[in-house]
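Q: got a sequence here, can you model it:
(chains A and B)
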Amino acid sequence: MRLAPRYRLDLVEEVDADVRAMQAEMERRGFSPAEARRGAIRRLVPTGEVIQRLQERHAPPLRRWLRAEGRGDRVTRLGIGAAALLGGAVGVIATARPALSGTAMVLSWAIVIVFALLVANLAWVASRLWLHGDLRAWQHQRLWARHAGLVVTAVALGALGASWEGYLGLAGNGHTDSPVPLAWETAGTMAYFAATGLAAATFGLFGWLSIAPRLIADEEIERRIADFFARRRSAPTLRD
Amino acid sequence: MIVMTQITLSKRINELLVLAVLDSGAAHGYQIALSVEERTAGAFSFQHGTLYPILHRLEAEGRVRGEWHGVGRRRKTYEITDAGRADLASGAAELERQFRALLGLLRGTHAA
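A: Have a look, this model is predicted:
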């Protein structure tokens, strides 16, 4: 079932309680336990098309609206792509520094790309949570691993850029035609790299922090769903 | 003029069946399903969990009110709201008019 965890928990608990109560009621009316259970499951356990209707019923409002308009998945893809492009554009503007050249320019662009990927990752998580309504624990872990990797990469690129510029300054291979004294220019470029790397990493961390409450709440409910099925190994076919 | 597809007619009948049962008192989902079967002598029954999308839609639209009871093993009870009662009355009257017209046609007499 592709339902938000809270609806999934409500549904499995509601159906389970009803199936058990109906089975007991039918046994009281003279049916054998097996017949009573079969009858209760046949009447009450949602299958195929009914599950689809429940998914539609409990889909996030935005998802329902997009589905009604007939362009749900395309909008999601376009949204994530647009967010990544916008993030990249912001990154380009924020890191524009014409004095850079060669390796430093490559590192600067790499930070821009990492920033855009962080934006795309956050947009993807947000679309799963607020558009599809369902982000499973394994997806959450995979996205967090990717996000953490990007945050670390941003910091590493910033540090690498700063170190590279520092090395060039010390080696005297900097921009010797610049009117600014070499030490100041070296310090400025090092600070620029450190700041852009840290800024991208901070953005990534705070972005994830902003969705953390919903992720924590969903994870708690997922744990309750797992506990529910663990307690009722013989429960009807309500797993995924 | 009656313009109603098969899908909307059966959907409407299902809603009214649920509302009619709940008009007699609050009930759990399984009680609604059994009661519909009993009170219609098996002419209508909910299969494969079809009851739940109907109940959840009625709840979302404020025609029934769902309430959870218990801690640990929770159970949900539904009761009809004033909006649901009004809908039941108007829906029953509308269905009666439509079926009278249909039966009148099928039996070769004029509808009332």
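Q: could I get the average pLDDT for stretch B:28-47?
A: Rounded to a whole number, the mean pLDDT of stretch B:28-47 is 92.
Q: who's in contact with it?
A: The contact list for stretch B:28-47 (C-beta atoms under 8 Å, 6 or more residues apart in numbering or on different chains) reads A:14-15, A:17-19, A:21-22, A:25, A:40, A:42-44, B:13-14, B:17-18, B:20-22, B:24, B:27, B:51-52, B:54-55, B:75-78. C-beta: built from backbone N, CA, C; applies to glycine.
Q: run through the residues that contact B:Asn14.
A: B:46, B:50, B:54.
Q: considering these, which possesses the most neighbours?
A: Highest neighbour count within these, by other C-beta atoms under 10 Å in any protein chain shown: B:Phe46, with 23 neighbours.
Q: just the element for it, please.
A: Here B:Phe46 sits in a region with no helix or strand, counting by DSSP states H and E.
Q: ok, it to A:Arg42 distance?
A: In this view, B:Phe46 and A:Arg42 are 10 Å apart by C-beta to C-beta, to the nearest Å.
Q: tell me the SS of B:Arg65?
A: strand (DSSP: H, G, I helix; E, B strand; the rest coil).
Q: where does it land on pLDDT?
A: 95.
Q: just the element for B:Thr77, please.
A: Judged by DSSP H and E, B:Thr77 forms part of strand B:75-80.
Q: elements contacting that strand?
A: In terms of contacts (3 or more C-beta pairs under 8 Å, 6 or more residues apart in numbering or on different chains; DSSP states H and E), strand B:75-80 is packed against helix A:5-28, helix B:6-23, strand B:27-28, helix B:29-39, strand B:64-69.
Q: for B:Gly108, which of those is the nearest?
A: Comparison of the helices and strands packed on strand B:75-80 against B:Gly108 by C-beta to C-beta identifies helix B:6-23 as nearest, at 22.2 Å.
Q: now that closest one - C-alpha only, CSV.
A: Extracted C-alpha coordinates of helix B:6-23, given in CSV (Å, rounded to 0.1, in the frame of the first residue of the first chain):
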residue,chain,number,x,y,z
GLN,B,6,-24.1,2.8,-13.2
ILE,B,7,-21.0,3.7,-11.1
THR,B,8,-22.5,6.7,-9.5
LEU,B,9,-25.8,4.9,-8.8
SER,B,10,-24.1,2.0,-7.0
LYS,B,11,-21.8,4.4,-5.2
ARG,B,12,-24.8,6.4,-4.0
ILE,B,13,-26.7,3.2,-2.9
ASN,B,14,-23.6,2.1,-1.0
GLU,B,15,-23.4,5.4,0.8
LEU,B,16,-27.1,5.3,1.7
LEU,B,17,-26.9,1.7,3.0
VAL,B,18,-24.1,2.8,5.3
LEU,B,19,-25.9,5.9,6.5
ALA,B,20,-29.1,3.9,7.0
VAL,B,21,-27.4,1.4,9.3
LEU,B,22,-25.7,4.2,11.2
ASP,B,23,-29.0,6.0,11.6
